[in-house]
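Q: Task: produce atomic coordinates for the following.
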Amino acid sequence: MSPETTAPRSLAEALRARDDVSLSALLRSRPDLITPVPTDLTQLATRAGTRASVVRALERLDRFALQTAEALAVAADPATHDELLGLMAGDDGEPAVTAAFPGSLATLREQALVWGPDERLRLVRTARELLAPSPQHPSPTGLGPTVAEATAGMSPGRIQEIVAEAGLATTHDSVSAVASLTGLFTDRVRMSALLDEAPAESVDVLSRLVWGPPYGQVTADPARHLRWLTDHGLLLPTAPGTVVLPREVALHLRAGRAHRVAEPVAPPVEAAATHRPQVVDAAAAGQAYTALATVEELLKDWHEGGPAVLRAGGLSVRDLKRTAVALDVAEPMAAFWVELAYAAGLLASDGEADERYAATPAYDEWLELPAPERWAGLVSAWLAATRTAGLVGGRDAKDRALSALGPGLDRSAAPEVRRRVLALLAGLPEGASPAPDSLLGRLRWERPLRGGQPATDDLRVRLARWTLSEAELLGVTGRGALSAAGRALLGLPSSSSKAGQPEPTGPGDKLPAHRHHHPAPAGPHSPAEQAAAASRAARLLAPLLPEPLDHVLLQADLTAVAPGPLQRPLADTLGVLADVESKGGATVYRFTPGSVRRALDAGRSASDLHAFLAAHSRTPVPQPLAYLIDDVARRHGHLRIGAASAYVRCDDDALLSEILADKRSQGLRLRRLAPTVLAAQADPATLLEGLRSMGFAPAAESAEGDVVITRAHAHRTPPRTAPEPVPDGPPVPDATLIGAAIRAIRAGDMASTAPRKQTDPAADHAGGDLPRTGSAETLATMQAAVLTGESLWIGYVNAEGAASQRVIAPIRVEGGFVTAYDHTADEVRTYPLHRVTGVAELADEEA
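A: Below is the predicted model:
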């Protein structure tokens, strides 16, 4: 039997001929096809040919597979295997292309973008429309229309003139004339002889058009060398003043190649530098510690309530600048830390009337965790987040500014790109950092650009650049190389077992057909696997992080040096008693009158401060520091401020006279009520700040006359969940879901295609209409099927009014219900008989 008689006539027939393994591969590579599960294979084929699904599938092809699809789009429909291979490898049959071609064709077939046997390969219609050349959408191949397409609107007389000028015999009709001209242009020998006769200037014109774009402009009276080309049909008019190079001529000039450069092999990721793994891990651990300290400092700065939320959502430019100054980083870096804390669920808006950002209750729980676990939580949130801090400061499609914590920052491709970049780093030898250009080149090959966008505008390229810098900030990489903890986070061993090696990239490496499309993101997929990987990464990081210290080094210049991270109670108290002057490997704190007064305002006495410093200093408490504490404590609270609107009370009337005489107090509008009391028209908080700015150390007092102890009020949001990542299409289904979907699709296909016995010559169920029978006939047929064990084809309408057709094997009929094994659902179900529209027996299968 010839291939033509057995070849499928449609994509549905091609899918029907597949086995379950092949269908599983299709549904795994294109999960949108089973969202929801199709009722039968015809519906699956229809869905596989929709524009949205085809575009998604094409955008997930690697460069060589996409080039193969582009070549098939400019080939005849249908095309043979050898014709397509010729377009890819050229007349000389490039060995690397020839070796890789079966894999790329298998990928296109697996994803149902190409169907049919080798003798009749067809690209699905939507893909051909997207990839075939047209004046509005040039082909990536740079080829133009065929001779038949370019001469579609040409007069028969003009076509005959071209045929005669080319040395061909004239014909009686345009169709045969076009076929004759096409035969000339596709004949390598005759075409070479024709070009040998062409003027040199004409050949130069063809060389400028051969790789595209194939269109050119001519005047009404073209030059001699241009007229020669138009007279011989080597340039054909498409519009007044516009000519095009026919596809067949271009392919001859290209030696049969559809692409100037075929790229059958993925470019390797090259190492830029190599360090000892121990150095990489130590550098990464240092960055991890800095990341934890930065997030803590950010939320400590927002401890009493952070910046206000913009009306449209997000952080204002001014507040982002303030945050950057507080963290001592650049604004893009500040946006990253803010977005990271938000992705980890550590900060959110409080939802109050004057909505502000603040830490969440989860932040307090996070603080109690060991440092390695806190790091693992941050990095896990970063890996899964679709919010992209690198976009902050840019503009959206409607030219609106994108702000930190605001809308419009989700990019669903971000998690996949992050994991892919880290997986490529894992493929390098341990301790090796990549050459960025080679890594970006590999990513472009795996997901080539669409629509001719420049590389700088490609989102995946920008995401990859941001991933490299953010991974370094978080300590996933150290000195540009993936750390041991980073490998563990991806579920890879941190040894020379080569488990993280990427796909083969050499010309001699053989890839299975299913490996030619873009590889799946590396790393664990289920939440349990991700949690286990994060836990293992935390264990590897733990020995490399510095142990918190319980001491500082006090110096005579009123500073304290913390030679490493401090234990939390010590750090909190010291943060109140002194101001941070510089950070780095060691943190320097400076004691000032204002900082000491802050500690006294928090309820500490001078003796408490002396005892605290003596207990936590490895050096004796310097005398200048002791004097500073005693001096501030002696003056602290000598002035008392309460609410009148506000008053100042002091036993020393001379001190009050000094305040009244000071010109700086005029703004407070003070007046003496009694020798020891001043009244002010300012509120107590303003009065406190004003007198402190004048060098005094007043204390606030309550209505009962007691000193008010002021501590920082921790403002927290109500319980909040971390933002959900925006998925990049449906998730990849697991084996259980795919198996169930295939059973349901095949059962539905069986119901829609099974031959039925024709009980009524006037009835016609071949078109897929539901069977229609009377209630008595339906009941009798059901009861007979229970006795014979035969399967029936039924029409059924559910409670929502949705109609469907099913194949069932009745088991029992009683009480107005039929209990049967439903082949469509692959389970036993019970159906009300009044909802069965009709029933038909299945025809006996042919032997």
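Q: So Gln805 belongs to a strand, correct?
A: Yes. Secondary structure of Gln805 (DSSP: H, G, I helix; E, B strand; the rest coil): part of a strand.
Q: what about it, neighbour count?
A: 23 (other Cβ atoms under 10 Å). C-beta coordinates here come from the backbone N, C-alpha and C atoms, glycine included.
Q: now do Pro213
A: 15.
Q: what does Phe612 give?
A: Counted with other Cβ under 10 Å, Phe612 comes out at 17.
Q: helix, strand or coil for it?
A: Three-state assignment for Phe612 (three-state DSSP): helix.
Q: any idea whether the residue nearest to it when sequence neighbours are not counted is helix, strand or coil?
A: Among residues not flanking Phe612 along the chain, Thr573 sits closest, at 6.3 Å (Cβ to Cβ, 6 or more residues apart in numbering). The three-state assignment at Thr573 reads helix, by three-state DSSP.
Q: same deal with Pro38?
A: Pro38 ends up coil, using three-state DSSP.
Q: Point out where the stretch 1-150 of the chain drops to low pLDDT.
A: Low-confidence segments of the stretch 1-150 of the chain (pLDDT under 70): 1-5.
Q: Okay, helices next: where are they in it?
A: Under the criterion DSSP state H, counting those that start in this stretch, the stretch 1-150 of the chain contains helices at 3-6, 11-16, 20-29, 41-48, 51-59, 63-73, 81-89, 95-110, 125-131, 147-150.
Q: Buried residues in the second one, which are they?
A: If I follow you right, that is helix 11-16. Across helix 11-16, burial judged by 16 or more other Cβ atoms under 10 Å covers 11-12, 14-16.
Q: So what does Gly144 have for phi and psi?
A: Backbone dihedrals for Gly144, given as degrees, to the nearest 10, come out at phi -100, psi -160.
Q: ok, for it, nearest residue in space, not its chain neighbours?
A: In space, Gly144 is closest to Pro214, 3.3 Å off (Cβ to Cβ, 6+ apart).
Q: Do you know the pLDDT at the one you found?
A: pLDDT, the model's per-residue confidence, is 92 for Pro214.
Q: what's the answer for Leu792, then?
A: So Leu792 comes in at 85 (pLDDT).
Q: swap in Ser403?
A: 94.
Q: what about the stretch 551-700 of the chain, any weak spots by pLDDT?
A: Using pLDDT under 70, the flagged stretches of the stretch 551-700 of the chain are 637-645.
Q: Show me where it has its strands.
A: Assigned by DSSP state E, counting those that start in this stretch, the strands in the stretch 551-700 of the chain fall at 553-555, 559-562, 579-582, 587-590, 640-642, 646-649, 670-674, 677-680, 699-700.
Q: what's around the residue nearest to Gly144, how many residues?
A: Pro214: 25 neighbours (other Cβ under 10 Å).
Q: how about it, phi and psi?
A: The phi/psi pair for Pro214 (degrees, to the nearest 10) is phi -80, psi 0.
Q: Would you mind telling me which of the helices of the stretch 1-150 of the chain is nearest Asp734?
A: Nearest to Asp734, of all the helices of the stretch 1-150 of the chain, is helix 20-29, at 9.3 Å by Cβ to Cβ.
Q: Can you give me the buried ones in that closest one?
A: 23-29.
Q: ok, now stretch 305-319?
A: 305-307, 309, 314-315, 319.
Q: again with stretch 156-164
A: 159-160, 162-163.
Q: So which of the residues you listed are in helices?
A: Among the buried residues of stretch 156-164, the members falling in helices (DSSP state H) are 159-160, 162-163.
Q: Quick check: the farthest pair among these?
A: It's Gln160 and Ile162 that sit farthest apart of these, by Cβ to Cβ, at 7.4 Å.
Q: that older thread, relative to Ala614, which of the strands of the stretch 551-700 of the chain is closest?
A: strand 553-555 (9.4 Å).
Q: what packs against that closest one?
A: strand 559-562 (3 or more Cβ pairs under 8 Å, 6 or more residues apart in numbering; DSSP states H and E).
Q: List the neighbouring strands of the strand it packs on plus their orientation.
A: strand 553-555 (antiparallel), strand 587-590 (antiparallel) (DSSP bridges).
Q: Export those strands to JSON lines and append columns for distance to Arg420 and mean neighbour count.
A: JSON lines is the format used below for the strands paired with strand 559-562 (distance: least, Cβ to Cβ, whole Å; neighbours: other Cβ atoms under 10 Å):
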{"stretch": "strand 553-555", "distance to Arg420": "46", "mean neighbour count": "17"}
{"stretch": "strand 587-590", "distance to Arg420": "37", "mean neighbour count": "19"}
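Q: Looking at the ones you listed, spot the one closest to Ala435.
A: When the strands paired with strand 559-562 are compared by Cβ to Cβ, strand 587-590 sits nearest Ala435, at 36.1 Å.
Q: Gln666 versus Ile659, what's the distance?
A: The gap separating Ile659 from Gln666 is 11 Å, by Cβ to Cβ, to the nearest Å.
Q: How about stretch 621-633, which residues are buried there?
A: Buried, per 16+ other Cβ under 10 Å, within stretch 621-633: 622, 625-626, 628-629, 632-633.
Q: Kindly report the same for stretch 201-221.
A: By neighbour count on 16+ other Cβ under 10 Å, the buried set for stretch 201-221 is 202, 205-206, 209-212, 214-216, 218.
Q: Show me where the stretch 701-847 of the chain has its strands.
A: Under DSSP E, counting those that start in this stretch, the stretch 701-847 of the chain gives strands at 792-797, 803-814, 817-822, 827-832, 836-841.
Q: for the ones you listed, which one sits closest to Ala288?
A: Here strand 827-832 is closest among those (Cβ to Cβ), at 51.3 Å.
Q: picking up where we left off before, can you put the ones in helices among the buried residues of stretch 156-164 in a markdown table and add distance to Arg444 and pLDDT?
A: Converted to a markdown table, those look like this (distance: Cβ to Cβ, whole Å; pLDDT from 0 to 100):
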| residue | distance to Arg444 | pLDDT |
| --- | --- | --- |
| Ile159 | 43 | 88 |
| Gln160 | 48 | 89 |
| Ile162 | 42 | 88 |
| Val163 | 45 | 88 |
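Q: out of these, who's nearest Leu474?
A: Ile162 (66.4 Å).
Q: just checking, the closest one touches Val178?
A: No. Here Ile162 lies out of contact with Val178, judged by Cβ atoms under 8 Å, at a distance of 9.6 Å.
Q: if we can go back for a sec, which pair in the buried residues of stretch 305-319 has the greatest spatial separation?
A: The span of the buried residues of stretch 305-319, defined through Cβ to Cβ, is set by Gly305 and Gly314 at 16.7 Å.
Q: Save the ones in helices among the buried residues of stretch 156-164 as TSV, and put in distance to Arg257 too.
A: Formatted as TSV, these follow (distance: Cβ to Cβ, whole Å):
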residue	distance to Arg257
Ile159	28
Gln160	32
Ile162	26
Val163	27
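Q: with those in mind, which one is nearest to Ala283?
A: Ile162 (70.3 Å).
Q: tell me the contacts of the closest one?
A: Remark: with contacts taken as Cβ atoms under 8 Å, 6 or more residues apart in numbering, Ile162 is in contact with 181, 231-233.
Q: which of these lies closest to Met750?
A: Scanning the contacts of Ile162 for proximity to Met750, where the rule is Cβ to Cβ, the winner is Leu181, at 50.4 Å.
Q: can you map out the strands along the stretch 151-300 of the chain?
A: 215-217, 236-239, 242-244, 271-274.
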